[in-house]
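> Okay, sequence plus prediction incoming.
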Amino acid sequence: MDSSLWIIVGAQCFIGAGASIFALPNTTIILEAAGPQRVGQASGLVGTVRTAGMLGNLTIITLTLSIFLGHEPVGKDNIDAFLHCMQVDMVLFGILSLLAVGCTLARNSSGAKAA
């Protein structure tokens, strides 16, 4: 609550830069792997999957906020519940990220055996 506007803007810029550093190489690799004949389909699929992922994440966050806060807005009286909700979300998204890495590793190892 006492953070200056510059700290908030700086943190948002840092998060945005991290997202772009992550997203650009992934998109480039996917589009190069698709080949010139299918680059349009790959581009559409990347956008669709990225949008579906964001929608899924927003749904999870909305559900956890409604479980922990109900219909109350975030305020000084329920900041502890809000912070606990954010901790639960971080753990949940960490687990989902590890699951995604495991799926990627399993796909890569099965693809190497098939070739």
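Alright, I've got the coordinates.
> shaky segments in the protein?
For the chain, applying pLDDT under 70 flags the ranges 1, 111-115.
> how does it look with 80?
1-2, 19, 108, 110-115 (pLDDT under 80).
> Now do the buried residues in the host helix or strand of N26.
Assigned by DSSP states H and E, N26 belongs to helix 5-34. In terms of neighbour count (16 or more other C-beta atoms under 10 Å), helix 5-34 has its buried residues at 31, 34. The way it works is simple: take the backbone N, C-alpha and C, and place the C-beta from them, glycine included.
> Who are the packing partners of it?
If contacts are counted by 3 or more C-beta pairs under 8 Å, 6 or more residues apart in numbering; DSSP states H and E, helix 5-34 sits against helix 39-69.
> Counting neighbours, which bits of the helix it packs on end up buried?
So, applying 16+ other C-beta under 10 Å, buried residues of helix 39-69: 42, 46, 64-65, 68-69.
> Against which helices or strands is it packed?
Counting contacts by 3+ C-beta pairs under 8 Å, 6+ apart, helix 39-69 packs against helix 5-34, helix 79-114.
> Including distance to A19, could the buried residues of helix 39-69 go into JSON lines?
JSON lines is the format used below for the buried residues of helix 39-69 (distance: C-beta to C-beta, whole Å):
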{"residue": "A42", "distance to A19": "20"}
{"residue": "V46", "distance to A19": "14"}
{"residue": "T64", "distance to A19": "21"}
{"residue": "L65", "distance to A19": "22"}
{"residue": "F68", "distance to A19": "26"}
{"residue": "L69", "distance to A19": "26"}
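> From the residues you listed, pick the one nearest C103.
Taking C-beta to C-beta as the measure, V46 is the one of the buried residues of helix 39-69 closest to C103, at 17.0 Å.
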